[in-house]
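# below are the sequence and a predicted model; questions follow.
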Amino acid sequence: MSSVLYDAPGPKARARSRVISVVGVIIIIAGLTALILALGAPKPSANGAIQPGMWDPTRWDALLDVEVWRTLGRGALATLTMAGVAAFFALILGVLFSFLRSADHAAIRVPTTIVLEFVRGMPVLLMMLFILLVFSTGSFWAGVAALSVYNGAIIGEALRAGINSLPRGQREAGLAIGLTPISTRFRIEFPQAFRQMLPIIIAQLVVLLKDTSLAFIVGYEELLRSGLYTMTNFFGQRYQFSFFLIVLAIYLAMNLSLSWLARVIARRSGPKAGKLVEAVPEPMPNAAGAGGGF
Amino acid sequence: MDAVIENLPVFLEGFKNTLGLLILSGTGALVLGVFVAALRISPIASFRAFATVYTELVRNTPLTLVLFFCAYILPYLQFSPGYFVLALIGLTVYTSPFVAEALRSGINGVPVGQAEAARSVGLTFGQSLSYVIMPQAVRMVIPPLINVFIALTKNTSVAGAFFVFELFGAGRQVVNDRGDAVIAILLAVATFYLIVTITLGQVAGRVEKKVAVLR
């Protein structure tokens, strides 16, 4: 759109913008280099001893230990297990919530709306603590339950928005050929809404995967706890920054690949859904309606 | 119930800190987010690339990891202005790409025809931005921005696990003292959060209806 706002740049303006671009690259690279050098510089600590810089080999030699990688692997597996189980239940709950929320009877619809508002307005962390202390489920199931309920509520709202955005003719056609209202919803409306909302649902699953790291606060041995706390306690404060970078890299690898998958699916399912409904929503994690979380 | 009433000052103290975290880091994230969004749509390719990489990296990092960096590693690098300020920095950095994305999607949401029409009636770059594009973009941006702040409200609870005494931390402390009234205490904490989030949600809905652009 920006190209519409001003006339096409002439040779002088183009040359100028090229110069600014090169200067920009230099500024950014200089800034990053300064940051890396600052991290690498040895620092005097409080008691006068000189601490080696962050890139010093003495801060990284713990990585030669196989047990480190085994612990990291266990942590990553625990994170993925929790995310997988929670995603499964969140999807089921999401479908259930979307049906209850758009039920014909006010006796079902109104309480569901209140429960959904309550769940979406509360921090996941608080929900985890609540489930852990009140139902004494153990940290794994407390995390899974809180994550499924919270993300289920958001997925449910997304699905409901998807069903609402369908042309009315879809439902009317279903009813006209003699399907019951429930069967119309299941066989005509729901598949279209699900496909249309798939990008948002996957974006929400990325949020869920990120939020499993909250479970370390209620004591679950996932990637953050096993990779950072346990290993720093075992190997010493010296390695904290190294372990931090490695844990960060693992999280980024997991989340970025899931985000990438979301984008691929959005591109694929876009044109197909476009035949029936216009305006495929952009896959943005917080586009899932009021109170959608990240 | 008496456990809640007895400890009301503790909750209010925590609530005050939660609001402080929300307002200060919300303002910070707004400033940083506008800056990142400006880089993201700027005509200079290197700034655009930098902003894109920043957005993708921060958006895909768990908040706990960001706050861990602020609470443990920054002090280790001899930067320790206190845990409240450290949590503020973490929440600001974590929220800024979400603000930037909300802004960007709002500006992209204005149809190209609007800009073309503005240009074709002879408005200059500045005029078409300030009279045609921005008034529409701001309206479209406000509801998603409020959603970002609702999520930020909930995210401040994570700071409670990193030595900041806010609502979640207050709840945890009171639960430790009064193990017999866990349900009442946690429901009280939830109520405080709901006061903020549901109010903001209502405002978002109201604004959305009021300023919706009819097309």
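Received the coordinates, thanks. Since this is a predicted model, take the numbers as computed values, not measurements.

# my read: A:Gly121 touches B:Gly201, true?
Yes: shown here, A:Gly121 and B:Gly201 form a contact pair, counting by CB atoms under 8 Å, at 7.1 Å. Glycine gets a C-beta too; all of them are placed from N, C-alpha and C.

# compare these two (neighbour count), which wins?
A:Gly121 (25 against 21; other CB atoms under 10 Å in any protein chain shown).

# quick one, phi/psi of that one?
phi -90, psi 0 (degrees, to the nearest 10).

# with A:Gly227 instead?
According to degrees, to the nearest 10, A:Gly227 has phi -80, psi -30.

# ok, it to B:Phe50 distance?
28 Å (CB to CB, to the nearest Å).

# who has more neighbours out of those two?
Counting neighbours by other CB under 10 Å for A:Gly227 and for B:Phe50 shows that A:Gly227 has the greater number, 28 against 21.

# what comes up buried for the helix ranked longest in chain B?
When chain B is parsed with DSSP state H, its longest helix is helix B:8-40. Residues of helix B:8-40 classed as buried under the neighbour-count rule (16 or more other CB atoms under 10 Å in any protein chain shown) are B:10-11, B:13-15, B:17-19, B:21-22, B:24-26, B:28-30, B:32-33, B:36-37, B:39-40.

# same question for stretch A:100-111.
Quick answer for stretch A:100-111 (16+ other CB under 10 Å): A:Leu100, A:Arg101, A:Ser102.

# from those, pick the one nearest chain B.
A:Arg101 (15.6 Å; CB to the nearest CB).

# and A:Ile265, how many residues sit next to it?
So A:Ile265, with other CB under 10 Å, has 16 neighbours.

# pLDDT at the residue nearest to the spatial centre of chain A, what is it?
Nearest residue to the geometric centre of chain A (CA atoms, centre = their mean): A:Val207, 1.9 Å. Per-residue pLDDT puts A:Val207 at 89.

# got it, and A:Phe294?
Note on A:Phe294: pLDDT of 58.

# follow-up on the earlier one: out of the buried residues of stretch A:100-111, who's near chain B?
By CB under 8 Å from any CB of the partner chain, no member of those lies near chain B.

# so where's chain B shaky on pLDDT?
Where chain B drops to pLDDT under 70, the residues are B:212-215.

# how about the helices in it?
Using DSSP H, helices in chain B cover B:2-6, B:8-40, B:45-59, B:63-68, B:74-76, B:83-109, B:112-120, B:125-127, B:134-159, B:167-177, B:182-211.

# buried sites along stretch A:17-31?
A:Ile20, A:Ser21, A:Gly24, A:Val25.

# stretch A:68-80 now?
A:Val68, A:Thr71, A:Leu72, A:Gly75, A:Ala76, A:Ala78, A:Thr79.

# ok, residues contacting that stretch?
If you take CB atoms under 8 Å, 6 or more residues apart in numbering or on different chains as the criterion, stretch A:68-80 is touched by A:62-63, A:209, A:212-213, A:220-227, A:230-231, A:235, A:246-247, A:250, A:254.

# if we use 6 Å, what do you get?
By CB atoms under 6 Å, 6 or more residues apart in numbering or on different chains, the residues outside stretch A:68-80 that reach it are A:Ala62, A:Thr212, A:Glu221, A:Glu222, A:Leu223, A:Ser226, A:Gly227, A:Ile250.

# so what does A:Asp56 look like in phi/psi?
phi -60, psi 140.

# an error on my part: the question was meant for A:Ile50.
phi -90, psi 130.

# could the helices of chain B be laid out in a markdown table, adding distance to A:Val134?
Putting the helices of chain B into a markdown table (distance: least, CB to CB, whole Å) gives the following:
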| stretch | distance to A:Val134 |
| --- | --- |
| helix B:2-6 | 14 |
| helix B:8-40 | 18 |
| helix B:45-59 | 33 |
| helix B:63-68 | 23 |
| helix B:74-76 | 35 |
| helix B:83-109 | 27 |
| helix B:112-120 | 53 |
| helix B:125-127 | 58 |
| helix B:134-159 | 17 |
| helix B:167-177 | 10 |
| helix B:182-211 | 6 |
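
# the strands in chain A, which residues?
A:43-44, A:50-51 (DSSP state E).

# need those in CSV (columns: mean pLDDT, distance to chain B and mean neighbour count).
Converted to CSV, the strands of chain A look like this (pLDDT from 0 to 100; distance: least, CB to the nearest CB, whole Å; neighbours: other CB atoms under 10 Å in any protein chain shown):
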stretch, mean pLDDT, distance to chain B, mean neighbour count
strand A:43-44, 73, 6, 12
strand A:50-51, 75, 9, 14
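
# got the ones you listed as TSV, with distance to B:Ala118 columns?
Formatted as TSV, the strands of chain A follow (distance: least, CB to CB, whole Å):
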stretch	distance to B:Ala118
strand A:43-44	55
strand A:50-51	58
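
# enumerate the residues of the stretch 101-250 of chain A near chain B.
Within reach of chain B by CB under 6 Å from any CB of the partner chain, the stretch 101-250 of chain A has these residues: A:121-123, A:125-126, A:130, A:133-134, A:210, A:213, A:217, A:224, A:241, A:248.

# where does the stretch 151-294 of chain A dip in pLDDT?
In the stretch 151-294 of chain A, residues with pLDDT under 70: A:269-294.

# for the stretch 1-150 of chain A, that is, sorry about that
In the stretch 1-150 of chain A (pLDDT under 70), the answer is A:1-3, A:5-6, A:45-48.

# what about 90?
By pLDDT under 90, the low-scoring segments of the stretch 1-150 of chain A are A:1-25, A:35-69, A:71, A:99, A:101-106, A:117, A:120-121, A:133-138.

# quick one, helices of it?
A:2-5, A:11-40, A:66-101, A:106-120, A:124-134, A:139-164 (DSSP state H, counting those that start in this stretch).

# single out the most deeply packed of these.
Comparing the helices of the stretch 1-150 of chain A by mean neighbour count (mean count of other CB atoms under 10 Å in any protein chain shown), helix A:139-164 ranks first with a mean of 24.

# between it and helix A:106-120, how many degrees?
Between helix A:139-164 and helix A:106-120, the angle comes out at 130 degrees (axes from the mean of the first three to the mean of the last three CA atoms, to 10 degrees).

# and helix A:139-164, how far out from the chain's middle?
Chain-centre distance of helix A:139-164: 13 Å, with CA atoms, centre = their mean, to the nearest Å.

# does B:Ser96 touch B:Gly33 like I think?
Yes: contact criterion CB atoms under 6 Å: B:Ser96 and B:Gly33 qualify, at 4.5 Å.

# and A:Phe241, how many neighbours?
20.

# to clarify, my last question referred to A:Ser257.
Neighbours around A:Ser257, by other CB under 10 Å: 12.

# against chain A, how distant is the closest residue to B:Arg139 other than its chain neighbours?
Residue nearest to B:Arg139 in three dimensions, not counting chain neighbours: B:Val211, with 4.2 Å by CB to CB, 6 or more residues apart in numbering or on different chains. Distance of B:Val211 to chain A, computed by CB to the nearest CB, to the nearest Å: 15 Å.
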